[in-house]
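Chemist: sequence and predicted model, in that order:
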There are 2 protein chains.
Amino acid sequence: MDTSIDAPAQGRPQRADARRNHERILSAAKTIFAEQGIGAQMDDVAAAAGVGVGTVYRHFPTKDALMGRLVAQHFEAIIGLERTAMGIEGPWDAFASLITGGAQLMADDAHMRQAMLRFPDSAWEHARPQTATVDELGGRVIRRAQEAGALRHDFSVADMPMVMCGLCASIDIPGADWRKLVDIILAGLRA
Amino acid sequence: MDTSIDAPAQGRPQRADARRNHERILSAAKTIFAEQGIGAQMDDVAAAAGVGVGTVYRHFPTKDALMGRLVAQHFEAIIGLERTAMGIEGPWDAFASLITGGAQLMADDAHMRQAMLRFPDSAWEHARPQTATVDELGGRVIRRAQEAGALRHDFSVADMPMVMCGLCASIDIPGADWRKLVDIILAGLRA
DNA sequence: TGAGAAGTGGAGGTTGAGTTCCGGTTCCGT
DNA sequence: ACGGAACCGGAACTCAACCTCCACTTCTCA
């Protein structure tokens, strides 16, 4: 995954051990936040990465920044989903794959759910560039489905977070089947 | 609203000022939590009730207990909604009023949303009796709509939390119109 | 290989929110 | 009116979590 965002923009390159630690922290943070949710502590992340807290703070100036980087990573996954969707022939199928795929992505990743529902806005700021791309590509998939007369015309990219957040919240409900909600929402979205 | 749950079960009755303060705290807590969400502080609740923190803790042993009592109150509101729904003639209209009304109830109350999405199970314990009734009445409304052939047959009471949580999460998305999601879900639920 | 820049670790400072404690006050039965 | 039980208030305690600081270690370049 591209780490250039976190590396210093100029000057001499990061030392090898620093680069290694950066990756370890990111990977540990993902696991820890997925397991313990937003309440996970920086000390835990540091321990899981086999590193001191000070090192974590050297790489990410604040907890928000660390969480933000994780959000950004997840949005990169969604961008991948969108590119795949754009390659699908049927306009409706492409759109449906976006919803289903997005839900599946969240179902597989507790951290992403936490991010969607509980991360403070301040953490989302760090993922601005990614969210912009997500909106741009998502908009295209939506427009194509609408032009084919398959998708409700009053649905827009701005409504995607609402739908995805809704699905996201439902995944954590014990004893509920989120696939049924995907089904219901897709049925409700058909033109 | 019934306060007997919080009053001591036996012994001499509460003093008049204590009873008065109990109500004031509950009412202030509702406002404060609705405005500020789960992050609201006990000191703020006390201030809004025109009372010291000590008094708040005399009436509710912990923040969880106070929040739990509020959750219970909200479920009582939902029970009211269900009774109203049972009086509506059209089986589908009755069901739709439940979804719409429940969403509206949550839209009006940030505390309820916080509770749905973020409360620890420990706080929900305080609302057990109410949730049981909610399920019982909700089940009747759902069954009636299904018997009339208006509602998908694979939908059950167990799916209600999923739908409501989904709606709930979407309400907090900035720039989104949750009424549209209600519309989409209802369209998807029609048989 | 050695100098010094870059990086590390983790004890402890700081802050903020929940809870306790107890001297003072208010209510109620006699 | 009065005694005492119940109740009140809010300063202070406690505890947990984020973040800082700096003595020490590791890497890199000449």
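Modeler: In hand now; what should we look at?
Chemist: check the gap between the residue most central in space within chain A and residue A:189 for me.
Modeler: Centroid-nearest residue in chain A: residue A:74, 3.0 Å away (criterion: C-alpha atoms, centre = their mean). Relative to residue A:189, residue A:74 is positioned 23 Å away (C-beta to C-beta, to the nearest Å). Yep, even glycine has a C-beta here, placed from its N, CA and C like the rest.
Chemist: again with residue A:141
Modeler: Distance from residue A:141 to residue A:189, by C-beta to C-beta: 13 Å.
Chemist: what is in contact with these two at once?
Modeler: residue A:95 (C-beta atoms under 8 Å, 6 or more residues apart in numbering or on different chains).
Chemist: show me what from chain A comes close to chain B.
Modeler: Contact residues, chain A versus chain B (C-beta under 8 Å from any C-beta of the partner chain): A:116-118, A:152, A:154-155, A:158-159, A:161-163, A:165-170, A:172-173, A:175-178, A:180-181, A:183-189.
Chemist: so which of those residues sit within helices?
Modeler: A:116-118, A:161-163, A:165-170, A:178, A:180-181, A:183-189 (DSSP state H).
Chemist: ChimeraX command to pick out the buried ones of the residues you listed?
Modeler: In ChimeraX, a selection of the buried entries from those looks like this (16 or more other C-beta atoms under 10 Å in any protein chain shown):
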select /A:116,117,161,162,163,165,166,167,168,169,170,178,180,181,184,185,186,188,189
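Chemist: ok, which of the ones in helices among the residues of chain A next to chain B also contact DNA strand D?
Modeler: For DNA strand D, no contacts are drawn from those by C-beta under 7 Å from any atom of the strand.
Chemist: and the end-to-end length of stretch A:136-156?
Modeler: 11 Å (C-alpha to C-alpha, to the nearest Å).
Chemist: so what's residue A:48 closest to, chain neighbours aside?
Modeler: In space, and not counting its chain neighbours, residue A:48 is closest to residue A:28: 3.8 Å by C-beta to C-beta, 6 or more residues apart in numbering or on different chains.
Chemist: tell me what the helix or strand harbouring residue A:44 is packed against?
Modeler: Using DSSP states H and E, residue A:44 sits in helix A:42-49. Helices and strands touching helix A:42-49, by 3 or more C-beta pairs under 8 Å, 6 or more residues apart in numbering or on different chains; DSSP states H and E, are helix A:16-36, helix A:53-59, helix A:63-86.
Chemist: let me see the residues that make contact with that helix.
Modeler: With C-beta under 8 Å, 6+ apart as the criterion, helix A:42-49 contacts A:21, A:24-25, A:27-29, A:31-33, A:36, A:52-53, A:55-57, A:63, A:66.
Chemist: shaky segments in chain A?
Modeler: A:1-12 (pLDDT under 70).
Chemist: how about the residues of it that lie near DNA strand D?
Modeler: Counting by C-beta under 7 Å from any atom of the strand, chain A sits next to DNA strand D at A:12, A:15-17, A:39-43, A:53-54, A:57, A:61-64.
Chemist: out of those, who's nearest chain B?
Modeler: Nearest to chain B among those, counting by C-beta to the nearest C-beta, is residue A:39 at 10.2 Å.
Chemist: got a list of what that closest one touches?
Modeler: Taking C-beta under 8 Å, 6+ apart, one finds nothing in contact with residue A:39.
Chemist: ditto for residue A:96
Modeler: Contacts of residue A:96 by C-beta under 8 Å, 6+ apart are residue A:186.
Chemist: any idea which element it lies in?
Modeler: helix A:91-107.
Chemist: okay, the angle between that helix and helix A:63-86?
Modeler: 150 degrees (axes from the mean of the first three to the mean of the last three C-alpha atoms, to 10 degrees).
Chemist: and helix A:91-107, which residues are buried?
Modeler: A:91-92, A:94-107.
Chemist: CA atoms of it as PDB?
Modeler: Provided in PDB are the C-alpha atoms of helix A:91-107 (Å, rounded to 0.1, in the frame of the first residue of the first chain):
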ATOM      1  CA  PRO A  91     -25.600  -0.900 -15.300                       C
ATOM      2  CA  TRP A  92     -27.900  -2.200 -12.500                       C
ATOM      3  CA  ASP A  93     -25.600  -5.100 -11.800                       C
ATOM      4  CA  ALA A  94     -22.700  -2.700 -11.500                       C
ATOM      5  CA  PHE A  95     -24.600  -0.600  -9.000                       C
ATOM      6  CA  ALA A  96     -25.800  -3.600  -7.100                       C
ATOM      7  CA  SER A  97     -22.200  -4.900  -6.900                       C
ATOM      8  CA  LEU A  98     -21.200  -1.600  -5.300                       C
ATOM      9  CA  ILE A  99     -23.800  -1.900  -2.500                       C
ATOM     10  CA  THR A 100     -23.200  -5.600  -2.000                       C
ATOM     11  CA  GLY A 101     -19.500  -5.400  -2.200                       C
ATOM     12  CA  GLY A 102     -19.300  -2.400   0.100                       C
ATOM     13  CA  ALA A 103     -21.500  -4.200   2.700                       C
ATOM     14  CA  GLN A 104     -19.300  -7.300   2.400                       C
ATOM     15  CA  LEU A 105     -16.200  -5.200   2.900                       C
ATOM     16  CA  MET A 106     -17.600  -3.800   6.100                       C
ATOM     17  CA  ALA A 107     -18.900  -7.100   7.300                       C
END
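Chemist: what is the orientation angle of that helix with helix A:178-189?
Modeler: 150 degrees.
Chemist: count the neighbours of residue A:83 for me.
Modeler: A count of nearby residues for residue A:83, using other C-beta atoms under 10 Å in any protein chain shown, gives 11.
Chemist: check contacts around it.
Modeler: Contacts of residue A:83 (C-beta under 8 Å, 6+ apart): residue A:137.
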